[in-house]
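Engineer: Provided below for reference: sequence and predicted model.
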Amino acid sequence: MKKHAITLTVNGEERDLIVPSNRTLLDALRDDLGYTDTKYGCGTGECGACTILVDGMTTINGCLTLAATMNGKSITTAAGLARNGHLHPVQEAFIENDAIQCGFCTPGMVLKTISLLDENPRPTEAEIRHGLEGNICRCTGYTKIVEAVQDASRRITGSNVSAIGE
Amino acid sequence: MSEIERYIAPNQLDDALEALAGGPVTIVAGATDLTPQITGGKRVYKATLMNIQHIEGLNAVTKKDGKIRIGSLVTVSEIRGNPMLKKHGGILCQAANHFASEQIRNAATIGGNICNASPAGDMIIPFLVLGAAVELARWQDDRIETRSVPLDEFFTGPGRSVARDDELLTAVIFDVPPENSIGFFRKSGPRPALEISTVSIGIGGDFSDGTLKNVRVAFGAVGPTALRGKLTEAALEGKTLNQDVIQAAALAARQDVSPIDDIRATKWYRTHLIGVFTEELLNNVCQN
Amino acid sequence: MTENTPPINGDIHRDIRHDSAHKHVAGSADYIDDIPEKRDLLHVCLGQSSRAHARMKSLDLDDVRAAPGVVMVLTADDIPGRNDVSPFAGDDPLFAKDIVQFHGQSIFAVAAISRDQARRAAKLAKIDYEDYPAILTIDDAMAAKSYIEAPQCVKQGDSVAALKKAPIRRRGCFRVGGQDHFYLEGQIAMAEPKEDGDVHVWSSTQNPTEVQHLVAKVLNIPDNGVTVEVRRMGGGFGGKETHPSLFAAAAALVARKTGRTAKCRVDRDDDMIMTGKRHDFRIDYDVGFDSEGRILGLDLKLASRCGYSVDLSPAINDRAMFHSDNCYFLEHVTINSYRCRTNTVSNTAFRGFGGPQGMIAIERIMDVIAHGLSKDPLDVRMINLYGKTDRNITPYGMRIEDNIAPELIAELAETADYKNRRKEITAFNQANKYLTKALSLTPVKFGISFTALHLNQAGALIHIYSDGSVHLNHGGTEMGQGLFIKVAQVVANELQIDIDRIKISATTTDKVPNSSPTAASSGSDLNGMAALAAARTLKDRLTAFAENHYDCPSDQIIFRNNHIYLGDQKISFNQLVHQAYLGRISLSSTGFYKTPKIHYDRKTHKGRPFFYFSYGAAIAEVIIDLLTGENKILRVDILHDVGKSLNPAIDRGQIEGGFIQGAGWLTTEELVFDDKGVLRSHAPSTYKIPTSADRPAQMTINLWNGVNKEDTIHKSKAVGEPPLMLAIAVHSALTLAVANANSNKAEELSALNAPATAEEILSKLI
C-alpha cells in the first residue's frame, strides 16, 4: 500500500505522520497519534462516536475520512477542548447534567454540541434534537443530553435558551 | 484485493483529467460513500487514488446567463446554507435538510452523491426536478473536452452511469427557474434524517393560476435508478390542479415506479407511499 | 456532638455524578481499545461461516496464511483444551469443526500485524460446503419440534375448565421481534501472555469470571492461570454477558500460541452478525373473561427463537413465563413455553431477559379484552391487578408481599391527567381524517434476583492504606449504569469518609473471585451489600482498636464526616487508620453477600425465585399518520419505583435510557434475516436504533416515594432492567391508535406486531 507523509495539527500540536493511502482519519488519530478519545463505533458514519472538528467548527466523521486527504488540516478532539486546565462549558454542562452513562458517545457528542452551539447559540429543544441526530447514544435516551445542551447554551450565552419548541 | 499504488491530489483540472486518462483511478472527495463501500467489500480501490478536493474551480455555486452552476465539490452543507439556492432552487435546500447527518453533509459532495448513482441518492431527486444536466470533462488531444448529459439520461443502473472511466463530473447545471416556479421534496424512512430513503419524491414546475406547467416529477428508491415520473408528469402538465387531477397523478405515480422488496420496505409499501406522497406534495403546491 | 456535623461528600441517597464523568468529557477514560498497544501486538479477526447449516467438506486456509501481514491462523485443531465458549451447555464451539450451524459462526482465527490485514485475510478462506436443511424461523422450528430443551410449563388452577366456562373468549397471535444490543463500544478483548503460560485478558465483559473459566478451559490451564480485567464497558445491556468469551478466547489462544499480545476488536457488522440478540417471540393466547373484563382463564403459548445453541435461553424463557402475569392475578392459567432451536445466531441476554416478551403478551391481552368490551383499557387493567391480601399468588406459586401497583398506577393516572386526555384524544380523532392519536397506560412488575439461585452472591474487597485512602473492588462491572459510584457511596457512607478518598478500581478476577455476571439488575443489590459487609468488618476492627487504644467504650465511638468521635475526643479518620496500622490491625477485608429468602424448583416451576419486585408505570401518547403509517411518541409520563434510591440522578438516567431503548425495540429496530439465514440488517444504516430526534418532545419522569420492604442495600431497589418495559405503553398506544382508526370497521383488535414500523402499522389499517 502506498504511503504518504502528511501533517496534521491536532489540538494545536503539529504532527507529522506517514499513512497508507487507505487509512482513515480515525485510525490515524487513534493508532498512529494516540488520540484515543476519538472512538470507533460503527465505521460507517452512522453513530458519530468518531466525530471531530476540522478547521474550526466543522464536524466530520473520522471513520469515513481518508487521512491522506486531510493533509494540512487542523483537528480538534475532545482531549483538546480544555483551556488552562478548565473544561469547556459544554463539557461542564455534560458532567453537571448527568448526560453521561457509558461515555463512549460522549467525546463525539460534546464536539457536536460545540459545533451546534457555535452555529446556533440559542437552539430550541427541537433544534437540539435535530442537530444531534448524527450522534447515537444507546444509554441515556437523550433526555439529559438535551438538558446538558440547553444548560451549555445558557453558560455560553449567559442567558436563558428559547422556550421548548416542537 | 487490489492495492493503491499511487495517491495524487491535483490542484488543476487538467492534471486530474490526465491522470484519469492514464489508467484506472478511484476518485475520492468526501469519501462518505466510498469508505463504507470499501470496508463492506462492495468496491475495491483501483491502482490510483485521486483526491479531487483541491481542484480549483469545482467548489463554487454561481448564477450567470440564466444558468445556475454548482461545482461538483460543493458539499451538501453548502447547498443547505446557500441563500441564492434557497431563492432559486429551494427544493435543493429541502433535500439537503433531510440529508443524513451534519457530519456527513459537511463532507459529502454533490458530485459524489450523483456519481455514486444510488437509486436512493437524496440530492439526485431535486436536480432531476430542476431539469439539471451534469458536465463531464475528460482529457482529449491535450486539452479538456467537456460534454453535457441531462441528469435523467445519466444513470444506467444501481451504481452505474454513462460517465466513462476517464471522465470527471465537474458541475451540475440547470436553468434559473422562473419566478413562478415551485418545488417540493419529501422522503420517508423510520426517521426524518440519517436515513437512506425508503422512498423519496420531488415535484416541481411553473405554477400560476392554479395550473402546473413544465412539470417535472422524480422518484427515489423505487427502481434501479432515481427516475423521472413521466406518466405523472403527463397527468399534470398544463392541468389546473384539483382533487381529480391530483388523484389521477397519484395513480400515474404508482404506475411510474417499479420498486422491489428489500430490507427497508416491501414493494407494496413503497408503491403505496409514492401515491400518498404525490398527493401530499400536490396539495402543498395548491396551498403554496 | 455529632448531630450538627455536615454529611460527607458522596453520601447515599444523593445525586452524585458518575465517577468517570470528567474523564468521559475530556476523552481520558480508557476503554480496552484505548490501552496503549505493545509494539508487537497482533490483531485477531475471526473467519465466519457463510452458510446457515452445512458440513464443511474442505477448509482451505492457504490463501489466508499467505496473505500479507498474517502471522498465524488457528482452527479447532489448534485448541489445546476444550473447544467451547458456552456459559454451561457445552455447545458453542470457539471454532466450528466439520459442521457450521449459523451464518456468521466462527470457524478460524487469523492473527496479523494490522487490523486491516487480519480482516482482509479472513475473507480469503476457501470452504467447500455441503448444505444441510436449515431451520430458520420459529414456525419452522415449531413444525419440526426443534427445541434447545423440552418445552416448559407453568400452571395455576385449571385454565381448561375456566376457559370453557368463561362468558367471553378471545384467541389471537402476534409476534415480537428481537433486538440488537448496539452497545456503542463493540465486542473487544486483548490478551497478554504472562510467565508460566498464564494469560492476562482485558475483556469488555459483564462477566469476567465466565471469561476466565472459558479461556482457561480453551487453553487447558487452571482458572488461576487466567486473569480477566475490565475497568469499564461502552455499554453492555446483556450483550456482554456470554458472548465476550468467544473473542477473549480467540485472543488468548493467539497470545499463548505466538507469545505476543493479541487483540480482537470486532467490526460493527461482524459484531451484529456473530453475536446473539434479544429473542424474538411468537405469542398465542386464548383468554376467557367476564363482562367486567376480569380474566377467568388464560392459555398462553410463548415460542421463542433461541438460535443454534442453548446459551442462556432456558433462564431467559423461564423469565418470560414468570412475567406473563405482570401485575395481574391469573387464577387459572397455563403458560407453555417453547424454546426453538434454529440455525441462526444464538440469542442471549438483553435487558429484561425474556421479561419484556412475557409482559407484552399480557398487556396485549388487556387491550384485547378492553376492545372486546368497549372499555377503557386502564379500567380492565385495574380490575385484574393482584390483590394485597388475596388474589396475590403468581402462576409460579410466589406470594406477592410488596404490591404497590394499584397506588402507583392511580397516582400516575391522576398526575398525568389520563382520563381528560383520553377524552381530548377522542375529540381530536373525530376532527382529524388522516391523523389518529391514542393513549395507553401500562404497568411494570419485575422480579429481582437471578433465577439461577447460585448466581445470587457477590464478593468485595476493600483495603485501607495507612494514609487513610481507600481502595475499593468488587465483582460487579461498570457498563455506564453507575454501579461503581453507587457502591462507592455505600462504602463512603459506612466509613463516613468523603467519596473522593475512595479509589474505584477495575473489576478483575484476581481480586474478587467467582463473581456473578453484572446482570439481572442485581449489580447494586449484590455488590453494594458485599462492599457494605467488607466496610463493616473494617469499621468493626477500627472500632475495637479505638476502644482499647483510646480507652473509650465502643458505644461512644462514632464515625462521622471523616472523623471518629470518641466520647469527648475527636480524631481524624486518617489518624485512627495510622494508629491502627501501627497497632498491627489488618486494614484489608473481603465482604460477601448472598440473597436471602429465595428458593425455586425448576422441575415444577414453583417457589420464590425473586427477593422482591420493582414496579413502575408509564403513559404514552402517540400519533399515527393514517396515510403512511408514520408515527411519533408525543408525550410520555413515567412513575417508577426504585425504593429509597441510592442515587436518584443515576436512577433517572436508567429510567430514561431504558424507556427509549424499549421504545426502539418496539418501533424502529427491525432485525431482518433472509431465507438463507443471513442477517441483512447488520449496520446502523439498516438497523434503526433511536436517535435524539426520536425522543418524545415531552417526557416527565417521577420516582415513586417509597422504600423497599425487603432488607436491600439501604432499602433501594434494582433499576437496570425494569424501565425498559415501561415502553410497552408505546406499543399498546400504537395498537390502540390502529384500533381507533379501524373503529366501526373491525370487531377484533388488530394484531399489531413488534416492531411497529410505519409499514407494519399501515398494513394493519383497514
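Structural biologist: Perfect, I can see it now.
Engineer: touching chain A at all, the helix ranked longest in chain C?
Structural biologist: When chain C is parsed with DSSP state H, its longest helix is helix C:523-549. No: residues of helix C:523-549 contacting chain A under CB under 8 Å from any CB of the partner chain: none, with a closest distance of 13.4 Å. In this view, the C-beta of every residue, glycine as well, is placed from N, C-alpha and C.
Engineer: and that helix, what other elements does it pack with?
Structural biologist: Here helix C:523-549 touches strand C:457-464, strand C:470-474, helix C:483-495, strand C:557-560, strand C:563-566, helix C:573-582, strand C:588-594, going by 3 or more CB pairs under 8 Å, 6 or more residues apart in numbering or on different chains; DSSP states H and E.
Engineer: where does the residue nearest to the spatial centre of chain A fall, secondary structure wise?
Structural biologist: For chain A, the residue nearest the mean C-alpha position is residue A:111 (2.7 Å; CA atoms, centre = their mean). For residue A:111, the host element (DSSP states H and E) is helix A:106-119.
Engineer: okay, domains of chain A per the record?
Structural biologist: A:3-79, A:89-157 (automatic domain parsing).
Engineer: redo the ones you listed as a markdown table? Include distance to residue C:413 and mean pLDDT.
Structural biologist: Shown next, in a markdown table, are the domains of chain A (distance: least, CB to CB, whole Å; pLDDT from 0 to 100):
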| stretch | distance to residue C:413 | mean pLDDT |
| --- | --- | --- |
| domain A:3-79 | 38 | 96 |
| domain A:89-157 | 22 | 97 |
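Engineer: circling back to that earlier point, got the angle between the longest helix of chain C and helix C:573-582?
Structural biologist: Angle, helix C:523-549 to helix C:573-582, by axes from the mean of the first three to the mean of the last three CA atoms, to 10 degrees: 70 degrees.
Engineer: run the chain-centre distance for helix C:523-549.
Structural biologist: Relative to its chain's centre, helix C:523-549 lies at 30 Å (CA atoms, centre = their mean, to the nearest Å).
Engineer: buried ones in it?
Structural biologist: Of the residues in helix C:523-549, C:523-535, C:537-539, C:541-543, C:545-547, C:549 count as buried by neighbour count, 16 or more other CB atoms under 10 Å in any protein chain shown.
Engineer: pretty sure residue C:500 is touching residue C:16, no?
Structural biologist: No: Residue C:500 lies out of contact with residue C:16 (CB atoms under 8 Å); the separation is 10.6 Å.
Engineer: compare these two (neighbour count), which wins?
Structural biologist: residue C:16 (23 against 13; other CB atoms under 10 Å in any protein chain shown).
Engineer: ok so, going back, can you tell me the closest non-neighbouring residue to the residue nearest to the centre of chain A?
Structural biologist: Nearest residue to residue A:111, sequence neighbours excluded (CB to CB, 6 or more residues apart in numbering or on different chains): residue A:51, at 5.0 Å.
Engineer: partners of that neighbour in the sheet?
Structural biologist: Beta-bridge pairing for residue A:51 (DSSP bridges): residue A:61.
Engineer: count residues in the vicinity of it, would you?
Structural biologist: 31.
Engineer: kindly report the same for the one 5 residues further on.
Structural biologist: Look at residue A:56: counted by other CB under 10 Å, it has 9 neighbours.
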